[in-house]
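*Asks:* Dropping a prediction and its sequence here:
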Amino acid sequence: MKKRLSSFLIILLLVTIWVYNADAAPNAKVVGRTYVNGKYGFQISLPDDLTKWSIQAKEEKVSVGDITATVFNIITGPSQAVVNVGVEETTYSLRSYFELTMAGCELLVRKWEKESTRVIVIGEEKLDGYELIATFSGIIGDVETEYKSIQWIAIRDKYAYVITGRDTSKNFDIDVFRKIMSTFKFLSIAVSEEKSTATMWGYIRNGL
């Protein structure tokens, strides 16, 4: 069951977000150009120079049996560019989760880029993670479309985090996606919903 969900979460991040019907995230706030998620303990920001991009707090839950994954549709850009974060409770090691991710992606991959499967450091906690870059195929309307995507995968405590940047147009700019994704930081887990906006600003200002 966990293997199926892990693969399903990856596929959801890659192929269904452009028809996203998400609700406002009850455990998240947008403060300025930074998205802060208290429940799952992370934030990600939109650099000031990306003026044609927007940031929001939307989420969708995906359940299989008693296991639930959550997808946060956070940043949208020109054309079909999006950055989203998937969070799933897991007992797998990073390496095992990464291998499940690769298996799930194989259903859609047209071409792996040369630098795929690169080991990277994610967040100021300097957690090991993986970067995947590939060309995928998917259906938009009735048309099969190829698009590029970059994913960062990390595991912290009991949660797997998958950060995905994707553009279904011909304008995929990996440097822009890396610039956005590199603002990703981990916070203390379970920041109370009652935290004020001022307190959220404190987290951001102090880089916690």
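*Replies:* Received, thanks. Numbering: from 1, shown residues only.

*Asks:* low-scoring stretches of this structure, by residue?
*Replies:* Counting by pLDDT under 70, the low-confidence segments of the chain come to 1-26, 62-68, 114-115, 138-142, 189-208.

*Asks:* Which parts of this structure are helices?
*Replies:* All helices of the chain, identified by DSSP state H, fall at 2-15, 94-105, 174-181, 197-206.

*Asks:* How far away from the center of its chain is the shortest one?
*Replies:* Okay, so that is helix 174-181. When distances are taken as C-alpha atoms, centre = their mean, to the nearest Å, helix 174-181 is centred 12 Å away from the chain's centroid.

*Asks:* Please list the residues outside it that contact it.
*Replies:* By C-beta atoms under 8 Å, 6 or more residues apart in numbering, the list of residues contacting helix 174-181 from outside reads 44-47, 50, 53, 75, 77, 81, 83, 133, 148, 150, 152, 163, 165, 167. To be clear about C-beta, it is placed using only N, CA and C from the backbone, and glycine gets the same treatment.

*Asks:* Flag every buried residue along it.
*Replies:* By neighbour count, with 16 or more other C-beta atoms under 10 Å as the criterion, the buried positions of helix 174-181 are 176-177, 180-181.

*Asks:* So which of those residues is the closest to Arg118?
*Replies:* Compare each of the buried residues of helix 174-181 with Arg118 using C-beta to C-beta and the shortest gap goes to Met181, at 13.2 Å.
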